[in-house]
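S.K.: turn this into a model:
(chains A and B)
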Amino acid sequence: MNHVFGFVPTGRQFARYALMTALAAMFVVFGHSTAFAQSVIQGRVTDESGNKLGGVTVRIKGGTRGAVTKKDGAYSIQVGAGEKVLTFSLLGYARKEVNIGEKTTVDVVLNLESQLLDEVVVVGYGSSSKRDLTGNITKVASADIQDIPVPTLDAAIQGKAAGVVVTQGSGKLGNAVQIRVRGAASVSGSNEPLYVLDGIILTPFSATLTPTNPLVDLNPQDIESIDVLKDAAAAAIYGSRGANGVVVITTKKGKVGRTNVNVSLQSGFSNPTKQVEFLNGQQYVDYLLLSGAGADRNRARLGIAVTPANSRVGFVRSFLNDQSLGAIPATGTIDPSRVPNQNWSELIFPSNVPTNQIDVNINGGNEKTTFYASGQYFEQTGTVVGNKMDRFTTRLNVEHKVSDIFKAGFNFSLARTFNDRLAADNAFSNPIQAVAIPSITPAINPATGLPIGATAEDLDYPLYYNPFLGIGNSYRRTTIIRNLGTFFGELQVVEGLKFRTEIGFDIMNQNDDQYFNSVTRRNNGTAPLGSGSFSTQRIENINVNSFFSYLNTFDEARHVLDLTAGMSYQKQNTIGNTVSGQDFPSDEFKKLTAAARITAGSSTETEFSFLSYFARANYKFLDRYLISVSGRIDGSSRFGADNRYGFFPAASVGWVISQEDFLKNVEFLSYLKLRASYGRTGNAEIGNFASRGLFTGAQATASYNGNPGIVPSQLANPSLTWETNDQVDVGVDFSLFSNTITVELAYYNKLSKGLLLNVNVPATTGFSTIVRNVGNMTNSGFEFAVTADVFKTDDFSWRMNVNGATLNNEVTNLQGQIIEGAFTMSRAMEGQPLGVFFTPEYAGVDPSNGNALWYRNTLLADGSRDRTVDSVYSRVQRVAAGNPIPSFTGGFTNTFRYKGLELSVSFNGVFGNKLNWYGVGRFSSANALFEDNQTVDQLNSWTPTNRNTNIPEARYLTNNGSQQSTRYIIDGSFIRLRNATLSYNLPKEWISDLGVNNVRVFVTGLNLLTFTKYVGWDPEVNSDFAVTNISQGVDFYTPPQARTFMFGINVGF
Amino acid sequence: MKFSAMKTKVASSLVALGLSVAVVGCASRLDINPINTIDGANALSTDQGVKVALTGAYAGSNLGSTNLLGGAMMYCSEFLADDGEARFAGTFQGQFEVWAKQMVSNNALATGMWSSAYVTINQTNLVLANLDKVVTRADKEDVEGEARFIRGLLYFELAKYYGRFWGDGDQNTNLAVPLVLTPTTAVSDADNRPRATVAAVYAQAISDLTRAEQLLLEGSDGTRATKSAAAAVLSRVYLAQGDFARARDAAQRVIAANVYSLAATFDQAFNEAAAGYTRENIFRMSVTAQTGTNNMQQFYSPAALGGRGDVRIQASHLTRYEAGDVRAGFFNISGGNRFSNKWNVQFNDVAYIRFAEMLLTRAECNFRLGTTIGAAPLADVNAIRTRAGLPALTQANLTLDRILAERRLELAFEGQLLWDLKRNRATTITANPARSWTNPLFIFPIPQREIDTNPNLVQNAGY
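M.R.: Below you'll find the model as predicted:
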């Protein structure tokens, strides 16, 4: 008999009984027992603390029969002759094999999981053991990230998960981080994964200045695990939101037992990972004169008469005289001892800026109630002057068992994040742009004793706005109050069947307060008497999830069935308002109440909603055959009226071959599983009303001279719908030598169809783009992850983790569209990877005259390209010349433990991508086309005595090779020593008298070494003013990452 | 037992809550409408809807755009024609390329001017297609007149920037820009329109401006289209065609209307707060603290006065002025560089056409034709000279070159230089290297994005 029929319903329980019957009836076919027994083994299963464990699957190794422990931990199983080994497994605990010998009573203690295979991974609306998983999910546990000194957890998972590429893009604190799970799947929609925290879909980044990171308000120390749902089988339960992968974040919970109090202090300092070297004062003078002479020589060659009046050398001399504030004479000999030498880079990066962090958490609980409470204060000063953030976070997670069948819980966090931000990369007020200022101009004007440019007399000095004038005279302050909360109730309807409802909210309140006083007026040109703005944004994001889950075993645990079905609703409302003004009575006034002119003001509101139904069935037969099917129906207010609902199915299978008889005796093979999945997900990130034809009355665009106006803002496309992703994933997981080596291999191929595309239309229509479902893109790749316990004894262990992923991205169809990105050098175009650099191909320098050369690359009749080199830029064709997407990414971590001492060293690497240095190079590595200070490599430019070089002749104000070309498309591969941590757990005997439980001291370093050929500040770059799906790998005076050292102590009471 | 029953109740309510959420989660929850914007289908269905759409045609996203009369349509003519008298020292690549005569097909200004112009043209087409919604006849005439004025002005400017100049080869075969005269509701292959000929685009401009002049009334506020504004732009169109009689007559109509006149002093013509400003400026784009952008001020004015200080006037320019010319002193020095005073005030409107130009046009045309319609050329030229603090010329030393030189100084940096040089067939717009008025470097490229999206477009020579 099927054991669920042993249940006798009372009248009150009739409804439950009916439900249960309906579910159970489906599996009546399994209700036959075929076992014949020779003896019965009985026993009880408990955890380490002696708590009885129910629901443990007990099974005969290599056999087909099994049993499940009751609530009191008791089991009994019939064992045949020769069947000597029992396995005990329960989600969250290490699987255990026990040799029964001649015993008839076998009591077993299960330990919490320690092996990768027994790890619990979080799936959408449930959890699973890695052993039973048929989809592709990578888990990063708290232990993997706890010591990495970064303010946000996404930065911590860099290099930890195969196929998950984290690009910080900038060293600015709190800026948006880009995460790509198995590549970019969309051209115009978002490519960021969906973030789900304790069941709530998080609000994505918020942008009123440059985008901020949605995870900046989370305390990484509160995170129990991060599970990245990579393939369609795992992500399809999130339907039209799952195409970019799903990052499921689970916060820590209290555990039954003693109350633990943990206090942790960390303190350290940061410096930039790299500074780019620019010309010093004398080099600058010499090189600019060289450039003037080069220009004159070239003009003479072109038959243009060079006279003292039009000589560029003469022009340079007067410029040097002017910009050195007269220190360099305009005519006659230049005395080297009088040439000023100002290192502007030094001013950008003050050394050893501090970071401090204090954490306190208390957790514990009893049989009925568990809790986890935490608080953190974190402050970090950016490596670029003027950048600073701090954050307070608090969290309370409580779970309470109301009765044996009903529990409820509450997770709540409140965070306040303050960020003194930097200007966008392309602003003159970005401190990094100070590198462009000639090194002959002093930072402090000797005549005034003030920073140069601070007074009306020297306002137009230096060459460009002095960004350091902003220090103390301007600010860009972002304050975010973020409140995340979930309330849930979970009812056990009958044994095995649970119903859970979660109501969650994510409320974000962001203020951006900006102020620029009169000292900054050269940069803030439109407001000589100072200006300011204040913007607020409130985002309310409400989630409701209600679902049934059913887990049961049938027929002596031969069949395990895990069912989930439910619905979900999400609504997000965003209101914003902003006001700008200018002209303050004096620099003492900073608030707009004193501004003479209010130059702009508005309030806006927008909303979207999703209504979804989902279901999943997992079936496991004989602990070795695994099948899973899932589906979600998603409706959204975002989609056109003609296409409001979509269906997103997925199916996957797995075969644990190592459980088969024929592999039972292969000693070295501990585990072997083949798996395959296929499914469909969608991308719905297109903005809220993309399908509508709309008119706006926005003041700045539509009204005129005090009169209201309207203008069309977009054309209608009522058939607009989500973007579809079909993904196949095949993999093999195995472990060797008693799980000493665990290997996961996967291949995937993801086809994105009906791309949500901002299709270019002829501008003669009055519109530039219309959003249509057009085009295909593919991403495919191999992934591997290996964990090896190289050495393991009680005292000493060495664990090695290696992961890597290849990625091949191609835009396969855009219906002939070409969509351009930054500098019109980045493109989406057919047959090329997304964001391919499309630009003339640089061919070096003509040794005879110093002219820059490019390959003509004109398409010839036979399909080949004309490889003739040409010095006339307008005659050369642009070609696809570099992929911004790395072809291989990986991470490598070694962890050594000796008694209480632990050393962990992590590298990550990115290979095969190109970066675009043109944004900086056209000014600063431009063989002195302009007066911008130059990178030192430009000293090697062509001269009559230095003919074999790749840098063209310097010709002041004559563009010789500084046009867009592959000269500025540079290999972006790098290997970085991302993190090294040395920690020591003080021996118990040293500390027991102090009344403390444990003491751990550690020192950790971030971004310690970087190996790259890239010439800019940092190869991990995505300039904030330019970055889009297409504009990838663009550098524009972008601050490098910080190299940080931290010292810390954790004390547990 | 009682407690357990209560708990079961709690549990049951939870189930009920979950189910009720499922029930309220019905399809109507997906019906969310835009809040900041309105549906396009009904936007122009009323009298007021059409009128506010007409206002929108002047706004910052339309005619007042920095790509159009907010600045670029004036300064691109000046930048292209510059031969070292006004150095562009800014960092904007697009502007630098125009000034350096090094434009490439994706030049930001060539792209921006094209798209903003057609945004505005579409807006005027929307208005013109919905004239039947306007209730009174007087309103209808005004709305139609204003919309045609804007459209005609833009087609004229586009023809000059993107096509070979009138008379440079055959304007009946030379290509200008596509003619779009109906509003866009959806995009299809029919929108891949070819370039119309220079002659056809001029004809459209003349037709629109002529009709506008007929329909519009005079007004004292030059921030919107008026009868005189239409006539003033028409005088430019005819002048470009070398049709001096019609150019003269159009200028004469403006002068004779007696709505506009010279400001008492030269500086008043450029200072919105000054008494004569409104009377001198025939058509200008409104700039207030909240709407409109004065990009002439941004580029020509130094940081001390709230600009970028990008266009620096060189000493060579000053040699053009006679001693005592107040216009020669209409510059300021900041940070060692010289800047024009014409756009010194940040929230000043951006002037497009001034009364002084009408006098100079009438003088030139009368001189060329040997006529004295309205006034003798000498009187017109001397009116300008007198205000500039210069002695009057005599009939004996009045030549065409002197009239043109006077025009160059009076209108310096105001956006007419390239067109004046081209219509006068200048052999050396730049002397070193020598480039004549037919040099293709003085013509904008058709934006690369248009070439890429519309297979029926032909690129200009040299790109």
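
S.K.: only C-alpha atoms for contact and neighbour calcs from this point on.
M.R.: Noted.

S.K.: count of neighbours near the closest residue to A:Gly364 other than its chain neighbours?
M.R.: Excluding the flanking residues, the one nearest A:Gly364 by Cα to Cα, 6 or more residues apart in numbering or on different chains is A:Thr259, at 4.3 Å. Neighbourhood size, A:Thr259 [other Cα atoms under 10 Å in any protein chain shown]: 17.

S.K.: identify the residues contacting A:Thr259.
M.R.: Going by Cα atoms under 8 Å, 6 or more residues apart in numbering or on different chains, A:Thr259 touches A:Ile362, A:Asn363, A:Gly364, A:Gly365.

S.K.: A:Val256 is in contact with the third one, correct?
M.R.: Translated: A:Gly364. Yes. Counting by Cα atoms under 8 Å, A:Gly364 touches A:Val256, with 5.7 Å between them.

S.K.: and for the two, which residues touch both?
M.R.: By Cα under 8 Å, 6+ apart, the residues touching both A:Gly364 and A:Val256 are A:Thr370.

S.K.: who has more neighbours out of the two?
M.R.: A:Gly364 (19 against 16).

S.K.: could you give the bridge partners of the more buried one?
M.R.: Beta-bridge pairing for A:Gly364 (DSSP bridges): A:Phe371.

S.K.: next up, the contacts around it.
M.R.: Counted by Cα under 8 Å, 6+ apart, A:Gly364 has contacts A:Gly254, A:Lys255, A:Val256, A:Gly257, A:Arg258, A:Thr259, A:Asn260, A:Thr370, A:Phe371, A:Tyr372.

S.K.: what about the fifth one, how many residues nearby?
M.R.: What it means is A:Arg258. 10.

S.K.: same question for the first one.
M.R.: The criterion is other Cα under 10 Å. On that basis, A:Gly254 has 21 neighbouring residues.

S.K.: and what of the last one?
M.R.: In terms of burial, A:Tyr372 registers 23 neighbours under the definition other Cα under 10 Å.

S.K.: now do the contacts for it.
M.R.: A:Tyr372 neighbours (Cα under 8 Å, 6+ apart): A:Lys252, A:Lys253, A:Gly254, A:Asn361, A:Ile362, A:Asn363, A:Gly364, A:Arg395, A:Leu396, A:Asn397, A:Val398.

S.K.: make JSON lines out of the residues you listed and add pLDDT and secondary structure.
M.R.: Rendered in JSON lines, the data for these read as follows (pLDDT from 0 to 100; DSSP: H, G, I helix; E, B strand; the rest coil):
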{"residue": "A:Lys252", "pLDDT": "93", "secondary structure": "coil"}
{"residue": "A:Lys253", "pLDDT": "92", "secondary structure": "coil"}
{"residue": "A:Gly254", "pLDDT": "92", "secondary structure": "coil"}
{"residue": "A:Asn361", "pLDDT": "94", "secondary structure": "strand"}
{"residue": "A:Ile362", "pLDDT": "96", "secondary structure": "strand"}
{"residue": "A:Asn363", "pLDDT": "94", "secondary structure": "strand"}
{"residue": "A:Gly364", "pLDDT": "93", "secondary structure": "strand"}
{"residue": "A:Arg395", "pLDDT": "96", "secondary structure": "strand"}
{"residue": "A:Leu396", "pLDDT": "97", "secondary structure": "strand"}
{"residue": "A:Asn397", "pLDDT": "96", "secondary structure": "strand"}
{"residue": "A:Val398", "pLDDT": "97", "secondary structure": "strand"}
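
S.K.: and those residues, which is closest to B:Glu364?
M.R.: A:Arg395 (80.7 Å; Cα to Cα).

S.K.: of the contacts of A:Tyr372, closest to B:Gln241?
M.R.: Among the contacts of A:Tyr372, and counting by Cα to Cα, the member closest to B:Gln241 is A:Arg395, at 75.9 Å.

S.K.: beta partners for that closest one?
M.R.: Beta-bridge partners of A:Arg395, as defined by DSSP bridges: A:Ser374, A:Ser413.

S.K.: contacting residues for A:Phe319?
M.R.: A:Ala330.

S.K.: where along the stretch 201-350 of chain A do the helices fall?
M.R.: Remark: helices assigned in the stretch 201-350 of chain A by DSSP state H, counting those that start in this stretch are A:232-235, A:281-301, A:312-323, A:344-348.

S.K.: now do the shortest one: which elements does it pack against?
M.R.: Think helix A:232-235. Using 3 or more Cα pairs under 8 Å, 6 or more residues apart in numbering or on different chains; DSSP states H and E, the elements in contact with helix A:232-235 are strand A:645-656, strand A:669-683, strand A:723-736.

S.K.: between these, which one is nearest to chain B?
M.R.: strand A:645-656 (9.8 Å; Cα to the nearest Cα).

S.K.: what strand or helix carries the residue nearest to the spatial centre of chain A?
M.R.: Geometric centre of chain A, nearest residue: A:Ile179, 3.0 Å, by Cα atoms, centre = their mean. Assigned by DSSP states H and E, A:Ile179 falls within strand A:178-181.

S.K.: neighbouring strands for the helix or strand just after that strand, and are they parallel or not?
M.R.: As assigned by DSSP H and E, the chain's next helix or strand after strand A:178-181 is strand A:194-197. Sheet pairing of strand A:194-197 (DSSP bridges) gives strand A:200-201 (antiparallel), strand A:246-251 (parallel).

S.K.: can you list the helices and strands packed on helix A:232-235 in a markdown table and add distance to chain B and mean neighbour count?
M.R.: Shown next, in a markdown table, are these (distance: least, Cα to the nearest Cα, whole Å; neighbours: other Cα atoms under 10 Å in any protein chain shown):
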| stretch | distance to chain B | mean neighbour count |
| --- | --- | --- |
| strand A:645-656 | 10 | 23 |
| strand A:669-683 | 17 | 24 |
| strand A:723-736 | 18 | 23 |
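
S.K.: show me where pLDDT drops low in the stretch 551-700 of chain A?
M.R.: Within the stretch 551-700 of chain A, no stretch has pLDDT under 70.

S.K.: closest residue of the stretch 651-800 of chain A to chain B?
M.R.: Taking Cα to the nearest Cα, the stretch 651-800 of chain A has A:Gly766 as its residue nearest chain B, at 3.9 Å.
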